[in-house]
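J.: I'd like to go over a predicted model; first the sequence, then the structure.
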Amino acid sequence: MPKKLVHKRGKPVGAAPGTLIHVGERKSGEVRIHYLDYDADRFEEKEIRPENVRDCFHLKQRSTVSWINVDGLHQPEIIQALGEAFGFHPLVQEDILNTEHRPKFEPFDDYVFIVLKMLFYNPARNEIRTEQVSLILGDGFVLSFQELEGDVFDGVRERLRNAKGRIRKLGADYLAYALIDAIVDSYFLILESIGDRIELLEEQLISDPGQDTLHAIHNFKREMILLRKSVWPLREVISGLQRDETELITETTGVYLRDVYDHTIQVIDTVETFRDHARSLHVEHQQPHERDHESADHHGEHLHSPDLSGRGVRHELRLHARAQMALGLPGPLADHDRYRRGPLRLVQTEEMAVNRSALIARGTIPSVYGDVHV
């Protein structure tokens, strides 16, 4: 079933601001709370049952760096308890529970609230799944809230456990950067999978351009819309973190955030390229069917192409357009008095045929068209 571009609201109309209601797909199972507490010399890791959420409240008072991760948002009382203990606004708690937010960045006096989208590719179903991740960066702590168990942060956890690199020597702002960087890096893996899908769609469009191909192209276009919605605002998030004058983000971490910003721009550019490609695939699928309904009654002699697919016809039209420009022939390609396209054939005028030998000699068009009679 195609993904919905607009989801139903789970919060009742007219509910008071700060009302804690989970908005999104309802998940089953127990909420999982896990924390890591560390500095350069020590490391502690522990999992806490939801009913014992108070066991991690003391981490706020420590001089170490603490990362508390919550998997599962369907028990609002846990988010409320953590919010009251760590002092973030009821509206922030409400936003954490609303999984339909776009990526955003909101600075407060003593913490920063960040919303991101984590992406997963399901090869069995050929689809991209999005999951909201909320981060709260405070003085010496990071809280992360996820819809489901399972994420792209395993590499960060391993670096913390094994004291690899500089992560254990730097503060909570560097930890927040590492989590954001892991999410952005995972986008490139998704884009590689999308690139493979584009190649398969192109092959399918040539070999079997039927209704199944059309449905696949439509689904692909919808996924590109959802992907753009997930990654495009990320540029504003990273830029906001760089510009914000809060003391929570050090100059050292700011350098790394600039690198993430560059990666974000690369992701956005690639997504835009894929969206353009999706539109062109749809056009390529439609054009052969449009030609089947065009009249076959044309005046003039016909130049038969060795490749009569939609791709081949457009390619030859582009070749002849360049040829017209190269030889100074007036008139645009779409001028029906000079050059016309019919069902499974190309129509040329006497002037084009006269210049055919010059076109081939200059390498502007290939010499595989066969004889032309004027």
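T.: Okay, I see it.
J.: pLDDT below threshold where in this structure?
T.: Across the chain, the stretches falling below the confidence threshold (pLDDT under 70) are 1-20, 22-28, 282-374.
J.: Tell me how it divides into domains.
T.: For the chain, the domain assignment from automatic domain parsing gives the residue ranges 32-282, 301-361.
J.: got CSV for these, with mean neighbour count and distance to residue 21 too?
T.: In short, each C-beta sits where N, CA and C put it, glycine included. CSV is the format used below for those (neighbours: other C-beta atoms under 10 Å; distance: least, C-beta to C-beta, whole Å):
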stretch, mean neighbour count, distance to residue 21
domain 32-282, 17, 6
domain 301-361, 15, 50
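J.: which residues of the protein fall in strands?
T.: 32-38, 43-48, 65-71, 104-107, 111-122, 127-138, 141-146, 301-303, 339-342, 345-348 (DSSP state E).
J.: what's the closest of those strands to residue 90?
T.: Closest approach to residue 90 among those (C-beta to C-beta): strand 111-122, 12.3 Å.
J.: From residue 136, how far out is residue 93?
T.: 10 Å (C-beta to C-beta, to the nearest Å).
J.: right, so of the strands of the chain, which gets closest to residue 230?
T.: Distances from residue 230 to each of those were compared using C-beta to C-beta; the shortest belongs to strand 111-122, at 3.9 Å.
J.: got the angle for the closest one vs strand 141-146?
T.: Put simply, strand 111-122 runs at 40 degrees to strand 141-146, going by axes from the mean of the first three to the mean of the last three C-alpha atoms, to 10 degrees.
J.: that older thread, quick one: closest of the strands of the chain to residue 243.
T.: Using C-beta to C-beta as the criterion, the shortest distance between residue 243 and those is 9.6 Å, found for strand 104-107.
J.: now what about that closest one, what contacts it?
T.: For strand 104-107, contacts defined as C-beta atoms under 8 Å, 6 or more residues apart in numbering pick out 92, 112, 113, 114, 115, 233, 236, 237, 240, 241, 244, 246.
J.: So the last one versus residue 107, what's the distance?
T.: Read that as residue 246. Looking at residue 246 against residue 107, where the rule is C-beta to C-beta, the gap reads 6 Å.
J.: try residue 216
T.: With distances taken as C-beta to C-beta, residue 216 is found 43 Å from residue 107.
J.: Please enumerate the helices of the chain.
T.: Secondary structure of the chain (DSSP state H): helices located at 76-86, 90-97, 154-162, 172-207, 211-231, 234-243, 251-292, 310-326, 350-354, 356-361.
J.: Is it possible to get JSON lines of the ones you listed that adds distance to residue 70?
T.: Listed next are the helices of the chain as JSON lines, based on distance: least, C-beta to C-beta, whole Å:
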{"stretch": "helix 76-86", "distance to residue 70": "7"}
{"stretch": "helix 90-97", "distance to residue 70": "9"}
{"stretch": "helix 154-162", "distance to residue 70": "15"}
{"stretch": "helix 172-207", "distance to residue 70": "14"}
{"stretch": "helix 211-231", "distance to residue 70": "21"}
{"stretch": "helix 234-243", "distance to residue 70": "20"}
{"stretch": "helix 251-292", "distance to residue 70": "23"}
{"stretch": "helix 310-326", "distance to residue 70": "50"}
{"stretch": "helix 350-354", "distance to residue 70": "69"}
{"stretch": "helix 356-361", "distance to residue 70": "68"}
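J.: Looking at the ones you listed, which is nearest to residue 43?
T.: Closest to residue 43 of the helices of the chain, according to C-beta to C-beta: helix 154-162, at 6.6 Å.
J.: other SSEs contacting the closest one?
T.: Applying 3 or more C-beta pairs under 8 Å, 6 or more residues apart in numbering; DSSP states H and E, one finds that helix 154-162 contacts strand 32-38, strand 43-48, helix 172-207.
J.: Mind listing the strands the second one pairs with, and their directions?
T.: What it means is strand 43-48. Strand 43-48 has the following strand partners under DSSP bridges: strand 32-38 (antiparallel).
J.: what's the angle from the partner strand to helix 172-207?
T.: If you take the same axes, to 10 degrees, strand 32-38 sits at 130 degrees to helix 172-207.
J.: Now do strand 32-38 against helix 154-162, angle only.
T.: Using the same axes, to 10 degrees, one finds that strand 32-38 and helix 154-162 are set 50 degrees apart in direction.
J.: Can you name the residues in contact with strand 32-38?
T.: Surrounding strand 32-38, the residues in contact under the criterion C-beta under 8 Å, 6+ apart are 43-50, 53, 56, 59, 62, 64-72, 78, 149, 157, 160, 168.
J.: contacting residues for residue 272?
T.: By C-beta under 8 Å, 6+ apart, the residues touching residue 272 are residue 228.
J.: Would you mind measuring from the closest residue to residue 176 other than its chain neighbours to residue 202?
T.: Residue nearest to residue 176 in three dimensions, not counting chain neighbours: residue 137, with 4.5 Å by C-beta to C-beta, 6 or more residues apart in numbering. Separation of residue 137 from residue 202 (C-beta to C-beta) stands at 43 Å.
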